[in-house]
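Q: Predicted coordinates and the sequence they were generated for:
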Amino acid sequence: MRKSWILVCFINFFIASLMGLLLRWMYVAPIEGVNFQFLMHGHSHVAMLGWVYMMLYCLIFYSFIPKKAQEKPIYNKLFWVTEIAVIGMMIDFPAQGYAFLSILFSTLHIFCSYWFCYLVWKDAEPAALPEKKMLRTALFFMLLSTAGVWCLGPAVGLLGKASAFYQIAIQFFLHFQFNGWFLFAVLALFFKQAKLIFDEKKFSLIYNLFVCSTVLTLALPVSWYLSNPVFHWINAIGVVLQLVSAVLFIHHIKPQLTVFFPNLSALVKTVYGFALFSLALKIIIQLVVLVPELAQVSHQIRNFVIGYIHLTMLGIITGFLFGFTFQNSFLNPKKIIQKWGMNLFLLGFVATEILLFLQGIWLFLNKGSFPDYYLNLFLVSIFLPVGLLMLTIGISFKKTND
């Protein structure tokens, strides 16, 4: 795989982190001429579609597409067309928000993802059934999530942006991107990397419970806009099924992980352990918000929303992606600049999450804001782009044949 692909993904991530840092500075001192909402749209789109999507493109191509199929020019062309769409969103969202060009580039990205899905479905050759089912399910959820995007136009035209229809369409897209496409894809890659072996019946049970829980837990964000007790109970069933699936999964793979982890470097063990811990923490949080009062508060207090999104995006998804890049030698844990870069990124993430959730709890208890909360949040957030810059520099100077 071309080094330039990986480098582009990390540059995208670095730019997304700078946008995020600027957003946090704007709470400290607003910047004249910069629209917060527009910049936030740019940050979220580049992080999701320029970092996570593009890295999954690279790793799925590297891990599941056979050498002969990798030689097809279409994969390289599609990568760069998709990156053009990312650059368009990177520039136009902060400048104009949702406008003609930003929507055009977003639409181009969606059509590129459809073509990628077709190519992978046709060419991929996973070695084992669990990898195949997880990968294909990830692709299915990616396609399904875009139904939410196609509903946005009719929702605005018929009912307006303030309508429940419009908000649910957004949540539909985000839910099946994060909990469907992204999560199933990184787990398919993890099965491949860890060479996990499953009894077919046990895997089918774990898989079916996981898929059902993914669909049912959509009820929580729907309940924020449609007040009906049935959504609480649907979400509760989904969360319980997810917990059962997770317990069975951990029980099954625990002996295999004792073989997998000793062969890894200390840093790679930390990164994978970090991702798995974040996944467990996500499940615990979903259990906590089964309490109806907390379910509503989790949506109303912005600190909880941002903390949870970052836990999924940076803790679980990015944690696994970093683990794969280290294990496959795209990053080198022995190179000082990359080792420090990774440690600084993890430090920044943990510190920002602690601040976000503690401030959220403080607001829930009606105790107001911490002294200098926004300034401190900005300061610890600096570690994220600094760490990513060091990782990106390390890739830039890596001696590989491109």
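A: Received the coordinates, thanks. Numbering: from 1, shown residues only.
Q: in this protein, which helix or strand is least confident?
A: helix 292-300 (a mean of 76; mean pLDDT, DSSP states H and E).
Q: any idea which helix or strand comes after that one?
A: Once the chain leaves helix 292-300, the next helix or strand it forms, by DSSP states H and E, is helix 302-310.
Q: helices and strands around the next helix or strand after that following helix, which ones?
A: Scanning forward in sequence from helix 302-310, with DSSP H and E defining helices and strands, the next element found is helix 318-327. Where contact means 3 or more C-beta pairs under 8 Å, 6 or more residues apart in numbering; DSSP states H and E, helix 318-327 is packed against helix 53-64, helix 183-194, helix 266-288. For glycine as for every other residue, the C-beta is placed from the backbone atoms N, C-alpha and C.
Q: ok, Pro385 - how many residues close by?
A: Using other C-beta atoms under 10 Å, Pro385 is surrounded by 23 other residues.
Q: Quick check: closest non-adjacent residue to it.
A: Using C-beta to C-beta, 6 or more residues apart in numbering and skipping the chain neighbours, the partner closest in space to Pro385 is Ser17 (4.1 Å).
Q: The helix or strand hosting that neighbour: what's the following helix or strand?
A: Ser17 belongs to helix 3-28 when elements are defined using DSSP H and E. Stepping forward along the backbone from helix 3-28, the first helix or strand reached (DSSP H and E) is helix 36-45.
Q: for that following helix, packing partners?
A: Where contact means 3+ C-beta pairs under 8 Å, 6+ apart, helix 36-45 is packed against helix 3-28, helix 73-96.
Q: Quick one: closest of the ones you listed to Leu356.
A: Closest approach to Leu356 among the helices and strands packed on helix 36-45 is made by helix 3-28 (10.6 Å; C-beta to C-beta).
Q: mind listing what the residue nearest the centre of the chain touches?
A: Nearest to the geometric centre of the chain sits Met313, at 3.5 Å (C-alpha atoms, centre = their mean). Neighbour list for Met313: 47-48, 52, 178 [criterion: C-beta atoms under 8 Å, 6 or more residues apart in numbering].
Q: What does Ile65 show for phi and psi?
A: Taking degrees, to the nearest 10, you get phi -90, psi 120 for the backbone angles of Ile65.
Q: Show the pLDDT at Gly360.
A: Reported pLDDT at Gly360 in the predicted model: 89.
Q: Distance-wise, check it relative to Val380.
A: Relative to Val380, Gly360 is positioned 16 Å away (criterion: C-beta to C-beta, to the nearest Å).
Q: what about Thr107, distance to His41?
A: Computed as C-beta to C-beta, the Thr107 to His41 distance reads 15 Å.
Q: quick one: which of these two has more around it?
A: Between Thr107 and His41, counted using other C-beta under 10 Å, His41 has the larger neighbour count: 21 against 14.
Q: Please name the nearest non-neighbouring residue to that one.
A: Spatially, and ignoring its direct neighbours in sequence, His41 is nearest to Phe93 (4.4 Å; C-beta to C-beta, 6+ apart).
Q: ok, that neighbour - how many residues close by?
A: By other C-beta under 10 Å, the residues close to Phe93 number 28.
Q: show me the contacts for it.
A: Residues near Phe93 by C-beta under 8 Å, 6+ apart: 38-39, 41-42, 45, 102.
Q: Ok, Leu314 next?
A: Applying C-beta under 8 Å, 6+ apart, one finds that Leu314 lies in contact with Phe349.
Q: Adjust the sequence numbering to begin at 612 for everything that follows.
A: Okay, residue one is now 612; in that scheme the one you just asked about reads as Leu925.
Q: From what I see, Lys946 and Ile1004 are in contact.
A: No. Lys946 is beyond contact range of Ile1004, at 10.1 Å (criterion: C-beta atoms under 8 Å).
Q: Check which helices and strands the helix or strand containing Cys723 sits against.
A: Following DSSP H and E, the helix or strand that holds Cys723 is helix 711-734. Using 3+ C-beta pairs under 8 Å, 6+ apart as the contact criterion, the elements in contact with helix 711-734 are helix 664-675, helix 684-707, helix 740-769.
Q: Please identify the most buried of these.
A: Each of the helices and strands packed on helix 711-734 was scored by mean neighbour count; the highest is helix 664-675, a mean of 22, by mean count of other C-beta atoms under 10 Å.
Q: So which elements touch that helix?
A: Using 3+ C-beta pairs under 8 Å, 6+ apart, helix 664-675 is in contact with helix 614-639, helix 684-707, helix 711-734, helix 740-769, helix 794-805, helix 929-938.
Q: Please repeat the previous calculation with a cut-off of 7 Å.
A: helix 614-639, helix 684-707, helix 794-805 (3 or more C-beta pairs under 7 Å, 6 or more residues apart in numbering; DSSP states H and E).
Q: could you redo those helices as CSV and give each row distance to Ser980 and mean pLDDT?
A: CSV is the format used below for the helices and strands packed on helix 664-675 (distance: least, C-beta to C-beta, whole Å; pLDDT from 0 to 100):
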stretch, distance to Ser980, mean pLDDT
helix 614-639, 11, 95
helix 684-707, 27, 95
helix 794-805, 33, 93
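Q: Okay then, goodbye and thanks.
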